[in-house]
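S.K.: Need coordinates for the following:
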Amino acid sequence: MNRQRQLTTIESIAIRDRQLITDVSAGSVNAFAELYDRYCDRAYRVAFSVCRDDGRAQDAAQEAFLSVWNGARSYRPEQGSVSAWLLTVVRNRAIDLARRNDKHDTRRASDDWLDERAALDDVYDTAVKHDDARRLQASLTLLPAAQHEVITLAFYGQLSHTEIATQLGLPAGTIKGRMRLGLQKLRASLDQVVA
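M.R.: Numbering: from 1, shown residues only. Down below sits the predicted model:
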């Protein structure tokens, strides 16, 4: 009985989130405020994990929520939960902001930055890492929604297994199982690309 109640809670959260996105798409300020209240703390944690700066993290989260307000119609339920989609938007905004600021900081730095520039081998390694990240993101979207959600919440949302279990209303063992299966599938998918 308890398991069924947990599933009902998860389903009701997912249904409410989808309704909020629908209402935001229609221009509802109240729905947007509720969505913001639900996810602003996690959005900040995701942005901070990328930017490593309080001000930039706040800016990235703000830009992401503005993007959600303007682009709620781009949410596709078949690609994952609202929370996973929203946190991915936050992460992408944070990456964009970090890159913009890095370029700006580099331009403002003294001429010593030329001595610190990466060698060609480092540029190659960086390109490989970016390619790996793109393949990982593509593989992540192919996972079943339940596995995609827990991995997104853990890595982008910076949530522990216990926090994810609490948020989703599931036992920690279920979260760990979904995480393990999802990571195994990601590894297999990436190994196929490399082979």
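S.K.: Which helix or strand contains residue 64?
M.R.: helix 54-71 (DSSP states H and E).
S.K.: Past that helix, which element shows up next along the chain?
M.R.: Next along from helix 54-71, by DSSP H and E: helix 82-108.
S.K.: quick one: the helices in the protein?
M.R.: Listed in chain order, the helices found in the chain under DSSP state H are 2-25, 29-51, 54-71, 82-108, 113-116, 120-141, 145-155, 161-168, 172-194.
S.K.: Report the central residue of the chain.
M.R.: residue 88 (3.1 Å; Cα atoms, centre = their mean).
S.K.: on that earlier part again, and among the helices of the chain, the most buried is which?
M.R.: Comparing the helices of the chain by mean neighbour count (mean count of other Cβ atoms under 10 Å), helix 145-155 ranks first with a mean of 22. All C-beta atoms are positioned from the backbone trio N, CA, C, and that covers glycine.
S.K.: for that helix, the distance to its chain's centre please.
M.R.: Put simply, helix 145-155 sits 9 Å off its chain's centre (Cα atoms, centre = their mean, to the nearest Å).
S.K.: if we can go back for a sec, can you lay out the helices of the chain as CSV showing mean pLDDT?
M.R.: Formatted as CSV, the helices of the chain follow (pLDDT from 0 to 100):
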stretch, mean pLDDT
helix 2-25, 79
helix 29-51, 91
helix 54-71, 91
helix 82-108, 78
helix 113-116, 49
helix 120-141, 65
helix 145-155, 82
helix 161-168, 80
helix 172-194, 82
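S.K.: which one is residue 148 nearest to, not counting chain neighbours?
M.R.: Sequence neighbours aside, residue 80 is the residue nearest to residue 148 in space, at 5.0 Å (criterion: Cβ to Cβ, 6 or more residues apart in numbering).
S.K.: Surely the one you found and residue 152 touch.
M.R.: Yes - if you go by Cβ atoms under 8 Å, residue 80 and residue 152 touch, sitting 7.1 Å apart.
S.K.: Contact partners for residue 72?
M.R.: By Cβ atoms under 8 Å, 6 or more residues apart in numbering, residue 72 lies in contact with 21, 22, 24, 25.
S.K.: run the last query once more with 7 Å
M.R.: Residue 72 sits next to 21, 24, 25 when contact means Cβ atoms under 7 Å, 6 or more residues apart in numbering.
S.K.: Next, find the distance separating it from residue 150.
M.R.: Look at residue 72 and residue 150: by Cβ to Cβ, to the nearest Å, they are 24 Å apart.
S.K.: and if you look at residue 96?
M.R.: Taking Cβ to Cβ as the criterion, residue 96 is separated from residue 150 by 25 Å.
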